[in-house]
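> The sequence isn't on hand, but the structure is:
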């Protein structure tokens, strides 16, 4: 460990703040955590050398509060700021504010972030570079009339998207001209409400597309490398839940993969991109690809790239920020890695269902990684992203990685807080069951995973139906009889007594 | 009838004693034939049981159904096995939807498991008192007596002697 490294303020929360703090620690960077009033006892607070309250609960008062973060940086004598993902990670004004305060922002330049953050400007930049993008408008639409004209030219169905958008907000799928006007109005209202900007652009809708992205790392001087691709086609509500590398669809079109890498490098070299970034593309069923957008930050699903390359992306980011990174050649990639996102959400409606966790236990074993901010009974906050954990695995082949993920997901237990009678307290639900079914789904096993997979496979939402086993029947009978007669004895349950039997149960379980 | 006798799905259990406390051992008769020693250990999330086949752990989540019954979602730890809506139905109560479910035209008694109608002990129009046996059904090689839950009248009998019945099939309408 090298002494005298500068202090890093981690302007984020949850698993990503912990993940960044881990690498800071191993490289000898002192760390500063920031937290909202709702996060006083969150795990990321305990991971860092110093911790300061940002004030407030809502993101705008806490993790998006630039002046408060800069105050804390001054107080804690931090020199570097790592934004993580989300919150302030893609805000050019924050990067500029950091520079003014003599702080080093760990990431790309404000200019790159501003360019890629404006979807219309980004599309125009791609046109100049001759990078294929989805056919559609060059810039923002002037109104419904232009939208109609353009849609006629490129053919229905089309997608209307918010210029400042993301996460499916301000987005409408339009099947034919008669729906265009009403969709246009709805999307622009939604965009205005969500982003304060009602401008829309229009794209041809690619049917059954695959979402493939390229991880890049730029030196900020026109040089850079890629670290392979990730396929993130399995989504619900336009948000990813399963990500993997290598991409199954690119296995069918190896030439497309090479072209994607070429395009990605052309883009980052041209804009002199610095640090880690991701170029998102759509790949259709014929192997054609189209530029979608660039994420100018560390991505949620970066662990799968780390698995197959052996590169700690945060280490590169930190070392680059202090001028100690010599960017190597493109690293070789080995084996297959898959990540799933465990969310506190309703597994049928996919709406967030945060609440109290009464018991939590994760998977472990060879080539299993869990990124989570939850260790013990606690609350999944309703104020922030309801992700509980990312579970990623590595295997020599896709088949082995999927098998390992199946075993890992079966090991995971997330139980809601319960009263003494075993009834749930609070509103916690998780998508664990959906993930368990995903890794057993025939299409997923085959690698046939277009973005509409979840919508087209209703069986993913259905519970396994099976005759109840003798053991489950005995367990429920005993449990219920004990509960019904709880007045006859001292009904307090000591949660710490669980350990011995859980362990024994697992050992015995090896036999069956 | 004994509160220690009842069923979960197709499994019939007769516990030799009332299980009490976090930890204990009880003998249970399964489907009226096999005797099994079961050791249990209850914890905050559910219960582990030990039988001659090994140790099995489950997370249980209780929910109160519309009829006021507690039903459990049972997840086997370390697996993706989930069983929904499990409940230990005490014998004597098992053939009624619920003692509180009064339909407009009376109470419809439904079969809670598949079986064969052995005997019909009542006639349509007959007055009946609470606890009086009405029908005997053979299921899993056992005879189950269906008794009335109310004082009243047998309005209609939906089944015949010797007939096979499915779970949920209406047997008798009381008023």
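Received it, and whenever you're ready, just let me know what you need. The model shown is predicted, which means the values in this text are computed figures rather than measured ones.
> and residue 145, how many neighbours?
Went with chain A since none was named. 10 (other CB atoms under 10 Å in any protein chain shown). Using the backbone N, CA and C atoms, a C-beta is placed for each residue, glycine as well.
> Sorry, I should have been clearer: chain B.
Residues contacting residue B:145 under the criterion other CB under 10 Å number 16.
> in the sheet, who's paired with it?
On the basis of DSSP bridges, residue B:145 is bridged to residue B:136.
> Distance-wise, check it relative to chain A.
Distance of residue B:145 to chain A, given as CB to the nearest CB, to the nearest Å: 20 Å.
> tell me which residues in the longest strand along chain B are buried?
If you go by DSSP state E, chain B has its longest strand at strand B:54-64. In terms of neighbour count (16 or more other CB atoms under 10 Å in any protein chain shown), strand B:54-64 has its buried residues at B:54-62.
> can you pull the contacts of residue 35?
All of this is about chain A. For residue A:35, the contacting residues are A:13, A:42, A:44-45, A:51-54, A:62, by CB atoms under 8 Å, 6 or more residues apart in numbering or on different chains.
> To clarify, I was referring to chain B.
Residue B:35 is in contact with B:27-29, counting by CB under 8 Å, 6+ apart.
> filter those by proximity to chain A?
Restricting the contacts of residue B:35 to those within reach of chain A (CB under 8 Å from any CB of the partner chain) leaves residue B:28.
> Mind checking what secondary structure the closest residue to residue A:78 other than its chain neighbours has?
Setting aside the residues directly before and after it, residue A:78 is nearest to residue A:9 in space (CB to CB, 6 or more residues apart in numbering or on different chains), at 3.8 Å. Secondary structure assignment for residue A:9 (DSSP: H, G, I helix; E, B strand; the rest coil): strand.
> Can you tell me the number of residues neighbouring residue A:9?
Residue A:9: 30 neighbours (other CB under 10 Å).
> just residue B:153 next, same as before
14.
> Buried residues, the helix or strand where it lies. List them.
Using DSSP states H and E, residue B:153 maps to strand B:152-157. Buried residues in strand B:152-157, counted by 16+ other CB under 10 Å: B:154, B:157.
> Give me the mean pLDDT for that strand.
Averaged across strand B:152-157, pLDDT comes to 86.
> Give the partner strands of it in its sheet and their orientations.
Strand B:152-157 has its sheet partners listed here by DSSP bridges as strand B:127-128 (antiparallel), strand B:170-174 (antiparallel).
> least reliable of those strands going by mean pLDDT?
For these, where the average pLDDT is lowest is strand B:170-174, sitting at a mean of 83.
> got the contact list for that one?
By CB under 8 Å, 6+ apart, strand B:170-174 touches B:95, B:105-111, B:122, B:128, B:134-135, B:146, B:148-150, B:152-159, B:165.
> Pull out the buried residues from these.
Taking 16+ other CB under 10 Å as the criterion, what is buried in these is B:95, B:106-111, B:122, B:128, B:134-135, B:146, B:148-150, B:154, B:157, B:159, B:165.
> Tell me the one of the contacts of residue A:35 nearest chain B?
residue A:42 (22.8 Å; CB to the nearest CB).
> Determine the number of other residues adjacent to residue A:104.
The burial count for residue A:104: 18, using other CB under 10 Å.
> that's a helix at residue A:307, yeah?
Yes. According to three-state DSSP, residue A:307 belongs to a helix.
> rewinding a little: what about the strand holding residue B:153, distance to the chain center?
23 Å (CA atoms, centre = their mean, to the nearest Å).
> what's the next secondary structure element after it?
strand B:164-165.
> Relative to that next one, what are the paired strands and their orientations?
Going by DSSP bridges, the partners of strand B:164-165 are strand B:115-120 (antiparallel).
> what's the closest of the buried residues of strand B:54-64 to residue A:316?
Using CB to CB, residue B:59 is the member of these that sits closest to residue A:316, with 41.0 Å.
> Distance of that closest one relative to residue A:270?
54 Å (CB to CB, to the nearest Å).
> do residue A:343 as well
36 Å.
> Compare neighbour counts for those two and give me the winner.
Using other CB under 10 Å as the criterion, residue A:343 and residue A:270 rank with residue A:343 on top: 26 against 13.
> Next, count neighbours for the residue nearest to residue A:352 when sequence neighbours are not counted.
Of all residues not flanking residue A:352 in the chain, residue A:386 sits nearest, at 4.3 Å (CB to CB, 6+ apart). By the measure other CB under 10 Å, the count of residues near residue A:386 is 21.
> before we move on, back to that, how about the contacts of residue A:35 in CSV, adding secondary structure, neighbour count and pLDDT?
Output for the contacts of residue A:35, formatted as CSV (DSSP: H, G, I helix; E, B strand; the rest coil; neighbours: other CB atoms under 10 Å in any protein chain shown; pLDDT from 0 to 100):
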residue, secondary structure, neighbour count, pLDDT
A:13, coil, 29, 97
A:42, coil, 23, 94
A:44, helix, 25, 96
A:45, helix, 20, 96
A:51, strand, 20, 97
A:52, strand, 19, 97
A:53, strand, 16, 97
A:54, coil, 22, 96
A:62, coil, 24, 95
